[in-house]
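Trainee: this is the structure alone, sequence omitted:
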Ligand code: ZN
């Protein structure tokens, strides 16, 4: 496993559409392992492949309840609303309030190509939306209602 460099806001790769994974091979497994290690090392709750410069529809998430790997994820259901503080490993030190669904259901594949689905609420719903957005070149700042001031972040 290896820690990969996290691309920062301003890099074109964050604005590109990631392509679906077709082959569930060793190369994908290495990418997933590296992404998880990078996420843990940087204390993130999620990471999309775009953020390590790979334009494939691959996401890892861990909100403290275990690692979730999502390949070719699709949000198939959503309900409710939440307005909470959000940040991004590609925009270090910056936080803003976004509006997201309170609950989502996501369908995806695991690393072996098996169909999986997850239902997320609260933080997990937010993380799923945030990471799936990355795969479509969308950043949380595109959806932010209000950025936090430096004083608010310190507090
Ligand atoms: Zn992000």
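Mentor: In hand now; what should we look at? All values reported here derive from a predicted model rather than from experimental measurement.
Trainee: what about the top strand by length along the chain, average pLDDT?
Mentor: Among all segments of the chain classified by DSSP state E, the strand with the greatest residue count is strand 68-79. Averaged over strand 68-79, pLDDT sits at 98.
Trainee: which positions in that strand come out as buried?
Mentor: Residues of strand 68-79 classed as buried by neighbour count (16 or more other CB atoms under 10 Å): 68-73, 75, 78. Glycine gets a C-beta too; all of them are placed from N, C-alpha and C.
Trainee: pick the one among these closest to residue 133.
Mentor: Nearest to residue 133 among the buried residues of strand 68-79: residue 75, at 9.8 Å, using CB to CB.
Trainee: so who does that closest one touch?
Mentor: 104-106, 128-129, 132 (CB atoms under 8 Å, 6 or more residues apart in numbering).
Trainee: per-residue pLDDT, the closest residue to residue 82 other than its chain neighbours?
Mentor: Leaving aside its chain neighbours, residue 82 sits nearest to residue 102 (4.8 Å; criterion: CB to CB, 6 or more residues apart in numbering). The model reports residue 102 with a pLDDT of 98.
Trainee: over to residue 151?
Mentor: At residue 151, the model reports a pLDDT of 88.
Trainee: give the helix, strand or coil label for it.
Mentor: Here residue 151 takes the helix state, with states given by DSSP: H, G, I helix; E, B strand; the rest coil.
Trainee: that one: neighbour count?
Mentor: Per other CB atoms under 10 Å, the neighbour tally for residue 151 reads 7.
Trainee: tell me the spacing between it and residue 84.
Mentor: From residue 151 over to residue 84 the distance is 19 Å, taken as CB to CB, to the nearest Å.
Trainee: got it, and residue 27?
Mentor: 35 Å.
Trainee: same question for residue 50.
Mentor: Distance from residue 50 to residue 84, by CB to CB: 23 Å.
Trainee: can you show me the helices along the chain?
Mentor: Using DSSP state H, the helices of the chain run over residues 26-41, 123-135, 150-154.
Trainee: among these, which is the most enclosed?
Mentor: Across the helices of the chain, the average number of neighbours (mean count of other CB atoms under 10 Å) peaks for helix 123-135, which reaches a mean of 23.
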